[in-house]
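Q: Quick one: sequence plus predicted model below, questions after.
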Amino acid sequence: DLNNTPETSAKLLEVAREAVVLLKNEGNILPLSKKETVAVIGPSGKIGRINGGGSASLNAYYNVSIFEGVSKKLEKEPPFALGCSIDEDLYDFGKFVTHENGTKKGASYKIYKEPADAANRTLVEEFSLDSTRCVLFDYTNPAFPDSVFYMDVEGEFTPEVSGEYDIHVSCLGTTLFYLDDELAIDDKTNQTLAPPRMGSSSVGDTKTFYFDASKSYKFKILFGSGPTFTRPTDDVFSHGGGSLKVTIDKKDTDENRIKEAVELASTVDKVILCTGTSADYESEGFDRKHMDLPGAQDELIEAVLAVNPNVIIVNQSGTPVTMPWADKVKGIVQGWFNGSESGNAIADVLYNDYNPSGKLSLTFPKRVEDNPAFLTFKSNNGECIYGEDVFVGYRFYEKTKTEPLFAFGYDVVVSVDVTNTGSFAGQEVVQFYVAPPKTTTIVERPLKELKGFKKVAIEAGATVKVTIEVPIKYSCSYYDSERQRWAIEAGEYTAIVGNSSDSADLLTAPISIAKTSYWTVKVY
């Protein structure tokens with residue numbers, strides 16, 4: 001717990017709050033008042049979406065969900081409905097279990113040299129973890145030079161409500177899953193090879209169990225590391241200690257879940273509807289199949305809007321998603337995969353304890369077909385073609401006159417006065433762009449390019465002068481590949497200042513370059 005300190009948590013909260021982007025606030029639906037009744041609805045409400053998958057994932061000391069952040073703000077738990085499920089592999093079983101007779105969250109892990117049926121086992125390491133989705137590719141220990149080890153995972157599961165639950169087990173290695181000392185799922189004896197994908201080489205098995213909410217159930221997972229995998233494979237991911245995945249979800253249909261969400265939404269003043277993707281969809285080794293919100297989230301939003309127009313969408317994703325309902329909802333907040341303090345940061349924004357100042361770091365197109373890479377996506381015999389040429393990102397939308405859903409940055413020495421006309425203190429990101437001469441240039445260039453930016457904090461009603469220093473030499477140049485030099489052409493350039501790349505937000509001033517010149521950078 002070396003880095004799990006109040007100072008670290010404060011910094012995580014600061015960074016998370018600064019990244020939150022307010023995309024829409026129609027009719028001042030935000031900020032929320034604690035006097036209003038609210039419901040938290042959606043598949044990202046109670047799950048802390050703090051990071052992506054693969055190499056973008058880690059086991060944090062803690063994570064705060066949106067539901068927890070709002071509960072802390074209200075000093076009580078608001079009503080909640082799942083609405084639908086989006087996790088391809090159900091939910092991480094480790095998030096719902098305890099150990100040491102319910103006194104600690106998560107499961108206990110013990111790693112041995114010998115398998116579970118050995119007479120005298122050598123315990124090498126033990127720890128606790130609130131996850132049963134473990135990628136052990138980089139796990140190293142001098143006791144296991146060949147990466148052969150055996151891991152016992154134990155704890156208790158107490159369901160929130162009685163009913164049937166699906167439990168899934170898969171791995172890169174071997175796994176036996178026990179409930180109350182009875183073998184429940186065998187992913188060791190007859191394994192089926194899965195298509196190559198980060199985190200698993202067995203298809204695994206999913207079985208249904210009935211759990212009574214008045215009881216606790218003991219579980220034990222006997223895992224053998226990657227080299228114990230029973231099937232030969234040339235899967236690029238089959239190395240090191242392997243991986244374990246045990247997930248769970250209450251057996252239900254999205255139709256029933258949406259119905260429950262609609263019933264709840266009709267009873268409150270406003271709805272915080274938590275949407276997004278997850279580490280299952282934004283990872284490495286594969287691409288998203290589409291840009292839509294996974295699962296039935298669009299249907300959930302439309303159904304909730306039909307009974308309550310006061311909906312704030314809080315979307316957590318690391319990349320753009322289509323929003324066919326954007327014109328219908330009153331509030332949209334982009335919360336990203338924002339680290340351990342995500343839930344608290346979003347709650348601070350929703351309840352006006354922080355004035356959102358984040359800007360989009362990428363363009364949100366209206367549809368996937370509008371993406372600059374759409375026509376030349378994927379590779380041909382290992383060759384990737386960048387068909388958009390220099391018109392990457394926001395430059396493409398301007399060049400093709402394609403209107404995005406939300407523009408990049410939405411929400412020489414250049415100085416500009418910025419006034420906070422609102423009633424609350426806040427922050428603004430002033431952005432500096434340069435447009436090349438409108439007359440013909442030697443090479444085709446973007447309509448404008450971002451050259452600098454600065455974030456400033458401004459009290460309500462105050463005005464501050466913001467200065468961004470970017471030498472003209474760097475602001476107006478492009479790289480001439482034939483001369484292998486940087487070139488700055490003669491002509492009338494335009495300095496552009498605003499708070500996004502949207503042309504409606506911009507102020508302009510001329511920059512005159514009298515003579516074409518070339519320059520290079522010395523490399524020492």
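A: Thanks, I have the structure now. Numbers count the residues shown, from 1 in each chain.

Q: what about the helices in the stretch 201-350 of the chain?
A: Secondary structure of the stretch 201-350 of the chain by DSSP state H, counting those that start in this stretch: the helices cover 254-265, 297-305, 342-350.

Q: Pull the contacting residues for Val15.
A: Gly339 (Cβ atoms under 8 Å, 6 or more residues apart in numbering). Every C-beta, even on glycine, is put in place using the N, C-alpha and C of the backbone.

Q: chain center to the one helix or strand it maps to: distance?
A: Taking DSSP states H and E as the criterion, Val15 maps to helix 6-19. Mean C-alpha position of helix 6-19 versus that of the full chain (Cα atoms, centre = their mean, to the nearest Å) differs by 17 Å.

Q: try stretch 52-59
A: On Cα atoms, centre = their mean, the centre of stretch 52-59 falls 10 Å from the chain's centre.

Q: now the end-to-end length of it.
A: 11 Å (Cα to Cα, to the nearest Å).

Q: Next, count neighbours for the residue lying closest to Val64 once chain neighbours are set aside.
A: With Cβ to Cβ, 6 or more residues apart in numbering as the measure, Gly343 is the residue that lies nearest to Val64, at 3.6 Å, once sequence neighbours are left out. Residues contacting Gly343 under the criterion other Cβ atoms under 10 Å number 30.

Q: Then the one 5 residues further on?
A: Neighbouring residues of Asp348 were enumerated by other Cβ under 10 Å; the total is 22.

Q: again, but for Glu388
A: 18.

Q: Settle this for me: it is touching Tyr394, isn't it.
A: No: between Glu388 and Tyr394 there is no contact under Cβ atoms under 8 Å: 11.3 Å.

Q: just the strands in the stretch 51-200 of the chain please.
A: Here the stretch 51-200 of the chain has its strands, by DSSP state E, counting those that start in this stretch, at 80-81, 91-92, 97-99, 104-105, 107-112, 123-129, 133-135, 150-157, 163-172, 174-179, 182-187, 193-197, 200-202.

Q: Output these in TSV; the columns should cover mean neighbour count and distance to Gly422.
A: Below are the strands of the stretch 51-200 of the chain laid out as TSV (neighbours: other Cβ atoms under 10 Å; distance: least, Cβ to Cβ, whole Å):
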stretch	mean neighbour count	distance to Gly422
strand 80-81	21	32
strand 91-92	20	40
strand 97-99	22	46
strand 104-105	15	41
strand 107-112	20	48
strand 123-129	13	44
strand 133-135	22	43
strand 150-157	22	48
strand 163-172	21	48
strand 174-179	21	55
strand 182-187	16	56
strand 193-197	14	47
strand 200-202	25	49
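
Q: Any idea which of the ones you listed gets closest to Glu482?
A: strand 193-197 (42.7 Å; Cβ to Cβ).

Q: what is the mean pLDDT for the closest one?
A: In this model, strand 193-197 has an average pLDDT of 65.

Q: residue ranges of the strands in the stretch 301-450 of the chain, please?
A: 311-316, 331-334, 379-380, 383-384, 413-419, 426-435, 449-458.

Q: Now the ones you listed in TSV, please, with extra columns for distance to Ala107, mean neighbour count and mean pLDDT.
A: Shown next, in TSV, are the strands of the stretch 301-450 of the chain (distance: least, Cβ to Cβ, whole Å; neighbours: other Cβ atoms under 10 Å; pLDDT from 0 to 100):
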stretch	distance to Ala107	mean neighbour count	mean pLDDT
strand 311-316	25	25	97
strand 331-334	33	25	95
strand 379-380	41	8	75
strand 383-384	42	8	82
strand 413-419	51	14	73
strand 426-435	41	20	88
strand 449-458	42	17	88
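
Q: Turn the ones you listed into JSON lines, columns for distance to Ala487.
A: Output for the strands of the stretch 301-450 of the chain, formatted as JSON lines (distance: least, Cβ to Cβ, whole Å):
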{"stretch": "strand 311-316", "distance to Ala487": "42"}
{"stretch": "strand 331-334", "distance to Ala487": "38"}
{"stretch": "strand 379-380", "distance to Ala487": "31"}
{"stretch": "strand 383-384", "distance to Ala487": "27"}
{"stretch": "strand 413-419", "distance to Ala487": "22"}
{"stretch": "strand 426-435", "distance to Ala487": "14"}
{"stretch": "strand 449-458", "distance to Ala487": "14"}
